[in-house]
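*Asks:* Can you look at this prediction? I've put the sequence above it.
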Amino acid sequence: MTVISEMVPASHGRAYRMQAGQVAVIANLHGNQVVDAWALSETDPLEFSSMDHTRSVNSSIYLEKGMKVVSNRRRPMMTLLDDSALCHDTLLCPCNAEIYEQLNCDGYHRSCSDNFHEALAAKERQLPFTPASLNLFMNVPVHADGSLERHAPASKAGDYVALRAEMDLLLVLSACPQDITVINGDDRTPRNIAIRIAGEYPEALQ
């Protein structure tokens, strides 16, 4: 299998084809960068990673080591093999144009939703909507009364996740462009992330 090793530029998105069994290691080079992630089946254009079904299957609002991301058809798509960071958010939506309008941005602001559709288009795929994302490294504590908070990531430079594909799929990543709230750290500066896709783990770490 071909090994892929490259950067996803800050505030942009990329899509990668993965065969079942391949492992993607996504590294947080600077420590404070949130990564919105999606998986889409290679064989069914309307099967995609589903956060509501993932929460149901795992009985958890977080994704932690050993848990699976499942599709809207409740089929396993990815397994979180390893994780040097904390649990990852499945609740908050990917940012879009409307969010930045509400944050009083003037003019166009890049968003994870736009990054998702741009990355799909580069692979000659499309969806008429933006599915909910798996928010890697996002620090969203949830309290007993149901309220939640948005904190800067607790991850450190070099922290990573390792995701194994459980079917042939398209992995879409967005290095979140959020530069107004603390989602990407107190300095509110989006950063590059690194991805390496290899045939097995821990080979993908090398």
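*Replies:* Alright, I've got the coordinates.

*Asks:* mind checking the SS state of the spatially most central residue of the chain?
*Replies:* The centroid of the chain falls nearest to Ala37 when counting by CA atoms, centre = their mean (2.1 Å). Recorded secondary structure, Ala37: strand (DSSP: H, G, I helix; E, B strand; the rest coil).

*Asks:* Just to check, it is in contact with Leu171?
*Replies:* Yes. Counting by CB atoms under 8 Å, Leu171 is a contact partner of Ala37 at 7.0 Å. To be clear about C-beta, it is placed using only N, CA and C from the backbone, and glycine gets the same treatment.

*Asks:* would you say Val161 is within a strand?
*Replies:* Yes. Counting by three-state DSSP, Val161 is found in a strand.

*Asks:* got a list of what Val69 touches?
*Replies:* Ala39, Ser49, Thr54, Leu63, Pro76, Met77, Met78, Thr79, Leu80, Leu134, Leu163 (CB atoms under 8 Å, 6 or more residues apart in numbering).

*Asks:* Adding neighbour count, distance to Phe116 and pLDDT, write these out as CSV.
*Replies:* Compiled in CSV, these are given as follows (neighbours: other CB atoms under 10 Å; distance: CB to CB, whole Å; pLDDT from 0 to 100):
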residue, neighbour count, distance to Phe116, pLDDT
Ala39, 26, 12, 98
Ser49, 25, 11, 98
Thr54, 25, 17, 98
Leu63, 26, 18, 94
Pro76, 16, 21, 98
Met77, 28, 16, 98
Met78, 26, 16, 98
Thr79, 17, 22, 98
Leu80, 21, 20, 96
Leu134, 25, 12, 98
Leu163, 29, 17, 97
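
*Asks:* neighbouring contacts of the longest helix along the chain?
*Replies:* Longest helix of the chain, by residue count under DSSP state H: helix 112-122. By CB under 8 Å, 6+ apart, the residues outside helix 112-122 that reach it are 11-15, 36, 38, 40, 94-97, 126-127, 130, 133, 170, 172-177.

*Asks:* Give the buried subset of these as a ChimeraX selection command.
*Replies:* Of the contacts of helix 112-122, the buried ones go into a single ChimeraX selection, burial set by 16 or more other CB atoms under 10 Å:
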select :11,12,13,14,15,36,38,40,94,95,130,133,170,172,173,174,175,176,177
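
*Asks:* Just the ones of the contacts of helix 112-122 in helices?
*Replies:* Using DSSP H, those in helices are Ala97.

*Asks:* Take the contacts of helix 112-122 and keep only those in strands.
*Replies:* Gly13, Arg14, Ala15, Asp36, Trp38, Leu40, Leu170, Val172, Leu173, Ser174, Ala175 (DSSP state E).

*Asks:* contacting residues around the residue nearest to Asn32 when sequence neighbours are not counted?
*Replies:* Nearest residue to Asn32 in three dimensions, chain neighbours excluded: Gly185, at 2.9 Å (CB to CB, 6 or more residues apart in numbering). By CB under 8 Å, 6+ apart, the contact list for Gly185 reads Gly31, Asn32, Gln33, Ala152, Pro153.

*Asks:* Noted, bye for now.
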